[in-house]
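Asker: Next come a sequence and a model predicted from it.
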Amino acid sequence: MSETKHELKRSLGLIDATSIVAGSMIGSGIFVVTVYMARDLGSAAWILVTWLITGLLTMSAALSYGELAGMMPTAGGQFVYIQRAYGKLASFLYGWTVFTVIQTGVIAAVAVTFANYAAVFFPVLQEEIFRVGDSFVFKNSQVLAMLSVALLTYINTKGVQNGKVIQLIFTSAKLIALFALIAFGLYIGFHTDTFSNNFAQPWEASKTVFDEATKTVTVTKISGIALAGAIGATIINSLFSSDAWNNVTFIAGEIKDPKKNIPRSLFLGTLIVTVIYILANVAYLALLPLNGTPDGSVVENGIMFAAQDRVGAAAANMIMGNIGVFVMAALIMVSTFGCNSGLVLSGGRLFYAMAKDNLFFQKAGELNKHDVPERALWFQCIWACVLCISGRYGDLLTYATFASLLFYILTIYGIFILRKKEPDAERPYKAFGYPVIPMLYIVLTAAICVALLVYNTVETGLGLGIVALGIPVYYLFMHKKA
């Protein structure tokens, strides 16, 4: 009797792929990061411009990735693209960074955010289990975070159909809830003069700093080079909120007609999220004053000093009153759980592709009886849980975001390399606006990276350090293979 051969099954359609793109992008960032951008820019118009630039950059990158996805419709996605253009070392460094901090770090951060908002309903989650000095605190919420990651991992080990259903349900739920929040916010907000007041001097930018020790607020007007630098530094917030759209390429081996459906899902998913994010920020500006004070009511806090930096919760409070806190907490729980569903589902496929290429633990390259890479999923789960325990995932995300941008630049430049190296390769979809749009993305993103190097030297340097640490690890794997 012959042994059943297990292989990845192409069972995900365009709607499924689009839900993975949009669902993986929308986590908790849109409900928080506008606070930081408001302090960095102090201008309603420049905040919206920054979100618009973020959306255009994300969509242009997604449209460029469509060409690579059409050429290489296999599991692993970006890892495979980088290897074909640059070789194994570059692709391993990408996979190494994704495993150590990008994918697992985001999963950990999103899981802890889910648990923190669950604490709104169950305060016991905020109780400490133990602490080590002032630097390490382990709470019940971190236990819930790890359990949520383990649950999603377990569900995904039982077949891609299970992950598909969870993803569709939670992505649909949070899209409906977000559109409702935006619609009610715009309706209520535009019946006040808040929006017009926020745009009284729309292009006058400033940086606001609050000193916790002295409880003083310092406002410094910025323009010219200083303004460009501030946009370049603060855009990391909106870019992080818009990240993870590339996850759909990891699962290319299970998408029907991937040469068409992956490019289409990348475009549709990033377009949907870009529209939602811009409208959400318009709603914030219609409901809340941009400027505020650290101590006061929801209105007095404004966007800049929203309680616990939760501008989404402050907006919900303006729409529904005190019950808005609970409604927003529920929405963020749905959003973060759905976000992690997509991240867990797709991340394991990247590590599966690495293992098949002898660049990861060998067991990760095996499929279980449900035709999914169960071991790869559990490796991802274990490390994400370690990051949940450590409490250092926030720092790791800061370090890794810069490295992630570098790999986006590297991947899109790979289009130019492969056009030259393989001019006759099949390209069912060609990068939109080539060579202008891809090159414009590279130039603008490189400028953002330069701004980050100048304004956040330590964090970006550590991000590069994490990537560089992968070099000796790569040679260990190669030595073992030899």
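Answerer: Looks like it arrived, so ask away.

Asker: is it fair to say Ala403 lies in a strand?
Answerer: No. Ala403: not assigned to a strand; according to DSSP: H, G, I helix; E, B strand; the rest coil it is helix.

Asker: Excluding chain neighbours, give the residue nearest to it in space.
Answerer: Gly463 (4.4 Å; CB to CB, 6 or more residues apart in numbering). The way it works is simple: take the backbone N, C-alpha and C, and place the C-beta from them, glycine included.

Asker: mind listing what the one you found touches?
Answerer: By CB atoms under 8 Å, 6 or more residues apart in numbering, the contact list for Gly463 reads Thr398, Tyr399, Ala400, Thr401, Phe402, Ala403.

Asker: same deal with Leu186?
Answerer: For Leu186, the contacting residues are Leu279, Val282, Ala283, Ala286, by CB under 8 Å, 6+ apart.

Asker: where exactly do the helices run in the stretch 251-400 of the chain?
Answerer: Assigned by DSSP state H, counting those that start in this stretch, the stretch 251-400 of the chain shows helices spanning 258-287, 298-301, 311-320, 323-356, 374-390, 393-421.

Asker: Quick one: closest of those to His191.
Answerer: Closest approach to His191 among those (CB to CB): helix 258-287, 9.2 Å.

Asker: sorry, back to before: just tell me which of the helices of the stretch 251-400 of the chain ends up closest to Val49.
Answerer: Judged by CB to CB, the one of the helices of the stretch 251-400 of the chain that comes nearest to Val49 is helix 258-287, at 10.3 Å.

Asker: Show me what that closest one is packed against.
Answerer: Applying 3 or more CB pairs under 8 Å, 6 or more residues apart in numbering; DSSP states H and E, one finds that helix 258-287 makes contact with helix 14-25, helix 44-71, helix 160-189, helix 194-198, helix 247-250, helix 311-320.

Asker: Secondary structure element holding Val219?
Answerer: Using DSSP states H and E, Val219 falls within strand 216-222.

Asker: Quick check: buried residues in that strand?
Answerer: Within strand 216-222, the residues that count as buried by 16 or more other CB atoms under 10 Å are Val217, Ile222.

Asker: could the helices and strands packed on helix 258-287 go into TSV alongside distance to Ile442?
Answerer: Shown next, in TSV, are the helices and strands packed on helix 258-287 (distance: least, CB to CB, whole Å):
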stretch	distance to Ile442
helix 14-25	21
helix 44-71	9
helix 160-189	30
helix 194-198	34
helix 247-250	18
helix 311-320	32
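
Asker: Buried deepest among those helices, which one?
Answerer: Neighbour counts (mean count of other CB atoms under 10 Å) averaged over each of the helices and strands packed on helix 258-287 peak at helix 247-250, with a mean of 30.

Asker: what's that helix packed up against?
Answerer: Here helix 247-250 touches helix 14-25, helix 44-71, helix 78-86, helix 258-287, helix 323-356, going by 3+ CB pairs under 8 Å, 6+ apart.

Asker: Okay, buried residues for the longest one please.
Answerer: In this case it means helix 323-356. Quick answer for helix 323-356 (16+ other CB under 10 Å): 324-325, 327-329, 331-356.

Asker: from the middle of its chain, how far away would that helix be?
Answerer: With CA atoms, centre = their mean, to the nearest Å as the basis, helix 323-356 stands 10 Å off its chain's centre.

Asker: again with the third one
Answerer: Here helix 78-86 is found 21 Å from its chain centre; the criterion is CA atoms, centre = their mean.

Asker: Give me the helices and strands touching that helix, please.
Answerer: helix 44-71, helix 88-97, helix 247-250, helix 323-356, helix 393-421.

Asker: the inter-axis angle of that helix versus helix 44-71?
Answerer: 70 degrees (axes from the mean of the first three to the mean of the last three CA atoms, to 10 degrees).

Asker: Any chance you could list what contacts helix 78-86?
Answerer: Applying CB under 8 Å, 6+ apart, the contact partners of helix 78-86 are 65, 68, 72, 74, 90-91, 94-95, 98, 246, 249-250, 350, 353-354, 357, 407, 410-411, 413-414, 417-418, 421.

Asker: Please save the CA atoms from it in PDB.
Answerer: Only the C-alpha atoms of helix 78-86 are listed here, as PDB (Å, rounded to 0.1, in the frame of the first residue of the first chain):
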ATOM      1  CA  GLN A  78       9.200  37.400  -0.500                       C
ATOM      2  CA  PHE A  79      11.900  34.900   0.700                       C
ATOM      3  CA  VAL A  80      11.800  33.200  -2.800                       C
ATOM      4  CA  TYR A  81      11.800  36.600  -4.600                       C
ATOM      5  CA  ILE A  82      14.900  37.800  -2.800                       C
ATOM      6  CA  GLN A  83      16.700  34.500  -3.300                       C
ATOM      7  CA  ARG A  84      16.100  34.500  -7.100                       C
ATOM      8  CA  ALA A  85      17.400  38.000  -7.400                       C
ATOM      9  CA  TYR A  86      20.200  38.100  -4.900                       C
END
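
Asker: Report the mean confidence score over it.
Answerer: For helix 78-86, mean pLDDT rounds to 95.

Asker: Let me have the contacts of Gly463 in JSON lines, extended by distance to Tyr117.
Answerer: Output for the contacts of Gly463, formatted as JSON lines (distance: CB to CB, whole Å):
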{"residue": "Thr398", "distance to Tyr117": "21"}
{"residue": "Tyr399", "distance to Tyr117": "25"}
{"residue": "Ala400", "distance to Tyr117": "23"}
{"residue": "Thr401", "distance to Tyr117": "22"}
{"residue": "Phe402", "distance to Tyr117": "27"}
{"residue": "Ala403", "distance to Tyr117": "28"}
